[in-house]
Each structure stands twice: as structure tokens, then as C-alpha cells.
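# fold the stuff below for me.
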Amino acid sequence: MKRNQKYKLDLGCGNNLGGGQKGFTGVDIVGKPETQADIVHNLFENFPWTFAEDNSVDEVFASHVLEHIPHGNGSQDPMFQFMDEIYRILKPGGIARFVCPYYTSVRAFQDPTHLRMITEPTFSYFTKAWRELNKLEHYPVKCDFEIVKIDHAISEEYNGRAQDAVASAAMHFWNCVMDLQILLRKPKLTRKK
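Numbering: from 1, shown residues only. Got it, this is the predicted structure:
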């Protein structure tokens with residue numbers, strides 16, 4: 001990697017490396033030629049991840065991946081392990097971007113390999129202050145992301161409608177919001193005095 005080049009990983013890249021953006025290294029459970037993965041790794045079962053050092057990655061991208069993570073047994077959950085690994089490998093100030101089918105979209109259910117429904121509050125579990133506020137410190141997760149932005153990819157039928165009308169429809173109707181687009185940041189380290 002060149003000196004000023006950012007290290008960016010696409011986790012679960014399949015055949016859509018970087019979502020069409022350049023500069024990503026692909027990671028997937030299946031390698032080439034079936035996928036565009038540069039690194040073959042089972043992201044949901046093999047922890048810690050051996051393909052990246054602590055604080056070494058500038059950006060992580062995972063499109064339509066989180067809904068495939070299997071559920072754990074209560075004391076361990078691969079979703080928490082997955083997010084802790086992203087937190088570990090991201091540089092301070094590094095970002096993680098996710099695209100997930102929205103829980104009230106047919107996209108969440110149509111694929112038989114989907115195992116989880118993803119909502120906006122799902123991402124609160126990855127912030128320490130929220131876990132403390134809700135007395136969930138005992139959950140097996142350590143990451144402390146900042147939620148920067150959550151966007152909704154809406155159905156074409158709702159394009160051009162007023163924002164409050166779309167928000168109301170999203171609360172009451174199926175297939176209004178198709179995908180969530182989430183941006184998390186690993187906070188920069190603060191200097192000790």
C-alpha cells in the first residue's frame with residue numbers, strides 16, 4: 001500500500017466490491033473467481049480477524065451483510081463480536097458504513113439466508129453511553145461507536161413526497177423504506193493531561 005493511500009475494507013463484498021467505489025480490499029467467505037474478495041475469511045465465526053491489525057483501517061464498508069449474521073446463545077453473539085472487531089481494526093476517527101434492508105421491507109424477508117431484522121435502534125447497542133443508560137453493561141460487547149448518520153432509502157413510490165409524509169408512512173406501512181444506510185465513527189483518542 002502506498003504511503004498516503006487509505007486502507008479500506010469491504011466486508012462481505014461478494015461481487016460488488018466497495019459498492020462501486022474504488023480503493024477497497026474485499027473480504028468474503030468465498031474467494032475469487034466466484035467473488036471479488038482479495039481476502040477469504042469467515043467474518044461471522046473466526047474471531048479475532050487475522051487480516052487487519054489494531055487501529056489499521058481507515059474505512060469499513062458492509063453492504064447487505066449484517067442481516068446474514070447468525071444469532072448467538074445469549075452470552076456470546078456474533079453480531080457483537082463482528083462490531084467489536086470492526087471497532088478494533090478501525091483507526092481512531094475511522095468510519096464504518098453499512099447498508100441493510102429495512103425491517104419493514106420485503107427485502108428483509110425475501111432472501112432465505114437473512115437471519116436478522118435491522119432497525120435504527122439496533123445501532124444504539126454499539127455505543128457505550130447508550131448501553132450504560134439502559135443498564136446493559138453486561139451485554140457481551142465493548143465497542144463505543146459514534147452514530148454519525150442514519151439515512152433511509154425510500155421506495156420510488158414515495159420520492160418527491162414531503163419529509164413528514166414519508167416519515168409517517170415509514171411508521172405505518174410496509175415497503176416505504178427499503179434500506180437503512182448507517183455511518184458510524186470510532187472516536188479519536190483524547191489526549192491525557
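# what's the spatially closest residue to residue 8 that is not a sequence neighbour sitting at in phi/psi?
Leaving aside its chain neighbours, residue 8 sits nearest to residue 59 (4.3 Å; criterion: Cβ to Cβ, 6 or more residues apart in numbering). C-beta coordinates here come from the backbone N, C-alpha and C atoms, glycine included. With angles defined as degrees, to the nearest 10, residue 59 sits at phi -150, psi 140.
# partner residues bridging residue 59?
residue 8, residue 95 (DSSP bridges).
# tally of neighbours for it?
Using other Cβ atoms under 10 Å, residue 59 has 19 other residues around it.
# what of the one 3 residues further on?
For residue 62, the neighbour count with other Cβ under 10 Å is 23.
# correct me, but it touches residue 95?
No: at 11.8 Å, residue 62 does not count as touching residue 95 under the criterion of Cβ atoms under 8 Å.
# quick one on the thing from earlier: who's in contact with the residue nearest to residue 8?
6, 7, 8, 9, 94, 95, 96, 97 (Cβ atoms under 8 Å, 6 or more residues apart in numbering).
# hmm, which of the residues you listed is lowest in pLDDT?
For those, the least confident position by pLDDT is residue 6, scoring 91.
# would you check which pair of the contacts of residue 59 lies furthest apart?
Among the contacts of residue 59, the pair separated by the greatest distance (Cβ to Cβ) is 7 and 97, at 14.7 Å.
# ranking helices and strands of this structure by mean pLDDT, which lands last?
helix 163-172 (a mean of 85; mean pLDDT, DSSP states H and E).
# list the buried residues of it.
Going by neighbour count (16 or more other Cβ atoms under 10 Å), the buried part of helix 163-172 is 166, 169, 170.
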